[in-house]
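Colleague: sequence and predicted model, in that order:
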Amino acid sequence: MTKLLWKPTEEQIKRTNMYRFMKLVNERFNTGFNVPLYLLNDALLNPGNPLPYN
């Protein structure tokens, strides 16, 4: 495993469009839609790679 050069803070993650989208969906439809923070970290660190959907 390679050493991370940078890891976003929780505040930086909360400012992402994905986080805002999840919040909007949860508020509008009263759901528990959630993407684990490690996936958001990966998306921020590797923007060219799609999120793994399982």
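Modeller: Yes, it's here.
Colleague: residue 34 is in what secondary structure piece?
Modeller: Element membership for residue 34, per DSSP states H and E: none, as it lies in no helix or strand.
Colleague: report the contact partners of it.
Modeller: residue 22 (CB atoms under 8 Å, 6 or more residues apart in numbering). C-beta: built from backbone N, CA, C; applies to glycine.
Colleague: so which bits of the lengthiest helix in the chain are buried?
Modeller: Ranked by residue count under DSSP state H, the longest helix found in the chain is helix 17-29. Residues of helix 17-29 classed as buried by neighbour count (16 or more other CB atoms under 10 Å): 19, 22.
Colleague: other SSEs contacting that helix?
Modeller: If contacts are counted by 3 or more CB pairs under 8 Å, 6 or more residues apart in numbering; DSSP states H and E, helix 17-29 sits against helix 37-45.
Colleague: per-residue confidence for residue 5?
Modeller: According to the prediction, residue 5 has pLDDT 85.
Colleague: got the phi/psi numbers for it?
Modeller: When read as degrees, to the nearest 10, the backbone of residue 5 gives phi -90, psi -30.
Colleague: quick one: mean pLDDT for the longest helix of the chain?
Modeller: Average pLDDT, helix 17-29: 87.
Colleague: try stretch 32-49
Modeller: Rounded mean pLDDT across stretch 32-49 is 67.
Colleague: what's the distance between residue 3 and residue 18?
Modeller: Per CB to CB, to the nearest Å, residue 3 is found 25 Å from residue 18.
Colleague: likewise for residue 30?
Modeller: 19 Å.
Colleague: ok, residue 16 - how many residues close by?
Modeller: Counted by other CB atoms under 10 Å, the residues lying close to residue 16 total 14.
Colleague: ramachandran angles for the nearest residue to residue 25 once chain neighbours are set aside?
Modeller: Computed as CB to CB, 6 or more residues apart in numbering, the closest residue to residue 25 that is not its neighbour in sequence is residue 33, at 4.8 Å. Backbone geometry at residue 33, expressed as degrees, to the nearest 10, gives phi -50, psi 130.
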